[in-house]
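Visitor: got a structure for you, letters missing:
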């Protein structure tokens, strides 16, 4: 595992069958680690680390804004999936909190849109 770029150290616990990887000062994409383990001939059972959220976006009223928002979402490292719904003016996201926060997702959106995290009562 030390040959994987960005890996400082790796420890495997035989009792729990878990691998612990320490990065060299930067985040490492879990998919790269999983692929390296698979390449060594081992099975990978990844923990579900993603978080999900639904954002209500007031002011999103045309396909151009949907396109711009989708383009911005695709550029976010740690965003696992997203779905934009123009009719309900909403954005559903699944993200890895080790790489990305909901606040960073919200900050990346277009100015002029009012964003509300559904279920929280918080508007931004």
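Guide: Okay, I see it. Keep in mind the model is a prediction, meaning the values are calculated, not measured.
Visitor: can you tell me the SS state at the residue of the chain most remote from its centre?
Guide: Using CA atoms, centre = their mean, the residue of the chain lying farthest from its centre is residue 15. It sits 29.9 Å away. Residue 15 falls in the coil class when you classify it by DSSP: H, G, I helix; E, B strand; the rest coil.
Visitor: so where do the helices sit in this protein?
Guide: 30-39, 63-74, 102-107 (DSSP state H).
Visitor: and those helices, which one's lowest on average pLDDT?
Guide: Of all those, the minimum mean pLDDT falls on helix 30-39 (a mean of 84).
Visitor: packing partners for that one?
Guide: In terms of contacts (3 or more CB pairs under 8 Å, 6 or more residues apart in numbering; DSSP states H and E), helix 30-39 is packed against strand 18-23. Heads up, the C-betas are built off the backbone N, CA and C, glycines and all.
Visitor: how about residues contacting the strand it packs on?
Guide: Contacting residues not belonging to strand 18-23 are listed as 1, 6, 7, 8, 9, 10, 11, 12, 13, 28, 33, 37 [CB atoms under 8 Å, 6 or more residues apart in numbering].
Visitor: from what I can see the second one touches residue 24, true?
Guide: Yes - between residue 6 and residue 24 there is a contact under CB atoms under 8 Å: 5.5 Å.
Visitor: flag the helix or strand of this protein with the lowest per-element mean pLDDT.
Guide: strand 122-123 (a mean of 44; mean pLDDT, DSSP states H and E).
Visitor: reformat the contacts of strand 18-23 into CSV and put neighbour count and distance to residue 97 next to each item.
Guide: Converted to CSV, the contacts of strand 18-23 look like this (neighbours: other CB atoms under 10 Å; distance: CB to CB, whole Å):
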residue, neighbour count, distance to residue 97
1, 16, 23
6, 15, 19
7, 17, 21
8, 13, 21
9, 11, 23
10, 15, 22
11, 10, 23
12, 13, 24
13, 9, 23
28, 19, 15
33, 20, 17
37, 19, 22
